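Q: Here's my sequence, what's the structure:
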Amino acid sequence: MRHSLSLLAAAAAGFLAVPASATDYPLSLDNCGFPLTIEAAPQRVVAIKSTAAELLLSLGLGDKVVGFAFLDGPLPEGLGGSDIPVLSEKLPSQEVVLETEPDFVYGGWESNFAADGAGERPMLAELGVTSYVAPAACRSVKPAKLSFDHLFAEIAEMGAIFDVEDRAGALVAEQQAALAGVTGDTRGLSAVWYSSGTKAPYVGAGSNAPAMMLEALGLTNIFAGVDEGWTAASWEAVVDANPDVIVLVDAAWNSAEAKKKLLAENPITSKLDAVINQRYLVVPFPASEAGIRNVPAVVDMAGQLAGLRF
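A: Coordinates of the predicted model:
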């Protein structure tokens, strides 16, 4: 029996209620418009970006990983992986990736697979290396608006690829239970998701992880009408919308504290009610992109939001 994305999505949406069975290889998949045929569970894996690394570790597959690259921050405590070499702080070159003799490269963004990066997907395939793009980061085929069910389907699909469906099912059930415990705010509040930028803000738009997480929190995204994951905006547009809450992405290269300072010192944004009253929610950068940290981040931000006063 060959698995399909639709089957895996249905299984994820239903808490994987049917008993997990062993993967029947070869496994045929369509990944961002690129056909994959996986003959057996991968044994030597390179993970690019935190979202890819953290999902593999959460499924107990650290012993299959020969290298990490382009991590967005420290790995969460308790996941392990400290003994796995970091091949590159930035996007690794094709030569660096191939030196590990991988049979599977898992990229958190489709752009990871470029000639000046880990290598183009057709070239890797010719060398016997399977490449997999996190579906939410697909660009060759525009993904549907991201939902938690899409994330759960990716977990299930990774479980099928590595023949660890039982672990994937347990992880999906755990995340669904945590998400079910979140009650969206009912105060009718609006928000802007401030990812990066100083002269102009780069913000969460209407179709990827920021939109999904804001909706789960019961917040109205002021840039929800932009059919992109993120978009370049202007401070004037933010001021005109006057959001009740500002979500700050905390990154090593652009911290939440630096963002607060900028907002308070900028003559335009300093007059925003949210800035004057410090109505901020903080999310770590690795939790701001589609991955297993989204649900815990929603739970955490729901607690932060409940503590805000208006």
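Q: for residue 283, helix, strand, or coil?
A: strand (DSSP: H, G, I helix; E, B strand; the rest coil).
Q: OK, contacts around the residue nearest to residue 222 when sequence neighbours are not counted?
A: Spatial nearest neighbour of residue 222, chain neighbours left out: residue 241 (4.0 Å); criterion: CB to CB, 6 or more residues apart in numbering. Bear in mind the C-beta positions are built from the backbone N, C-alpha and C, glycine included. Neighbouring residues of residue 241 by CB atoms under 8 Å, 6 or more residues apart in numbering: 190, 192, 222.
Q: How many neighbouring residues does the last one have?
A: Residue 222 sits with 23 neighbouring residues when counted by other CB atoms under 10 Å.
Q: Okay, strands next: where are they in the stretch 51-200 of the chain?
A: 65-69, 86-88, 104-107, 130-133, 190-196 (DSSP state E, counting those that start in this stretch).
Q: any chance of those in JSON lines, with mean neighbour count, distance to residue 148 and mean pLDDT too?
A: Listed next are the strands of the stretch 51-200 of the chain as JSON lines, based on neighbours: other CB atoms under 10 Å; distance: least, CB to CB, whole Å; pLDDT from 0 to 100:
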{"stretch": "strand 65-69", "mean neighbour count": "24", "distance to residue 148": "25", "mean pLDDT": "98"}
{"stretch": "strand 86-88", "mean neighbour count": "17", "distance to residue 148": "30", "mean pLDDT": "97"}
{"stretch": "strand 104-107", "mean neighbour count": "26", "distance to residue 148": "20", "mean pLDDT": "98"}
{"stretch": "strand 130-133", "mean neighbour count": "25", "distance to residue 148": "19", "mean pLDDT": "98"}
{"stretch": "strand 190-196", "mean neighbour count": "23", "distance to residue 148": "17", "mean pLDDT": "98"}
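Q: now the ones you listed as CSV including distance to residue 35?
A: Formatted as CSV, the strands of the stretch 51-200 of the chain follow (distance: least, CB to CB, whole Å):
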stretch, distance to residue 35
strand 65-69, 24
strand 86-88, 27
strand 104-107, 15
strand 130-133, 11
strand 190-196, 33
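Q: Residue 279 is nearest to which of these?
A: strand 190-196 (9.1 Å; CB to CB).
Q: who does the very next helix or strand once past the closest one touch, helix- and strand-wise?
A: With elements assigned by DSSP states H and E, the helix or strand that comes after strand 190-196 is strand 202-204. Helices and strands touching strand 202-204, by 3 or more CB pairs under 8 Å, 6 or more residues apart in numbering; DSSP states H and E, are strand 190-196, helix 209-217, strand 230-232.
Q: Those: which one's closest to residue 172?
A: helix 209-217 (15.9 Å).
Q: and that closest one, how far from the chain's centre?
A: 12 Å (CA atoms, centre = their mean, to the nearest Å).
Q: ok and it relative to strand 190-196, angle-wise?
A: 150 degrees (axes from the mean of the first three to the mean of the last three CA atoms, to 10 degrees).
Q: Report the contact partners of residue 128.
A: residue 103.
Q: re the thing from before, which single one of the contacts of residue 241 is nearest to residue 264?
A: Using CB to CB, the contacts of residue 241 come closest to residue 264 at residue 192, 15.5 Å.
Q: before we move on, the earlier item: between the helices and strands packed on strand 202-204, which one is closest to residue 150.
A: helix 209-217 (8.6 Å).
Q: Residues contacting that closest one, please?
A: 136, 145-148, 179, 182, 184-185, 191, 193, 195, 203-205, 220-221, 224, 229-230, 247, 283, 288-291, 294, 297-298, 301-302, 305.
Q: model confidence over it, on average?
A: Across helix 209-217, the average pLDDT comes to 98.
Q: Numbering from 44 from now on, please.
A: Yes, from this point I'll number from 44; that puts the last item at helix 252-260.
Q: now the helices for this structure?
A: For the chain, applying DSSP state H gives helices covering 48-56, 93-101, 137-142, 164-169, 191-204, 208-223, 252-260, 278-284, 299-308, 316-319, 337-349.
Q: ok and the fifth one relative to helix 337-349, angle-wise?
A: Between the direction of helix 191-204 and that of helix 337-349, the angle (the same axes, to 10 degrees) works out to 150 degrees.
Q: Can you mark which positions in helix 191-204 are buried?
A: Neighbour counts over helix 191-204 (16 or more other CB atoms under 10 Å) mark 191, 193-204 as buried.
Q: likewise the fourth one?
A: By neighbour count, and taking 16+ other CB under 10 Å as the criterion, the buried residues in helix 164-169 are 164, 167-168.
Q: With residue 85 as the reference, name the closest of the helices of the chain.
A: helix 191-204 (6.9 Å).
Q: quick one: least confident helix or strand in this structure?
A: For the chain, counting by mean pLDDT, DSSP states H and E, helix 48-56 ranks last in confidence among helices and strands (a mean of 38).
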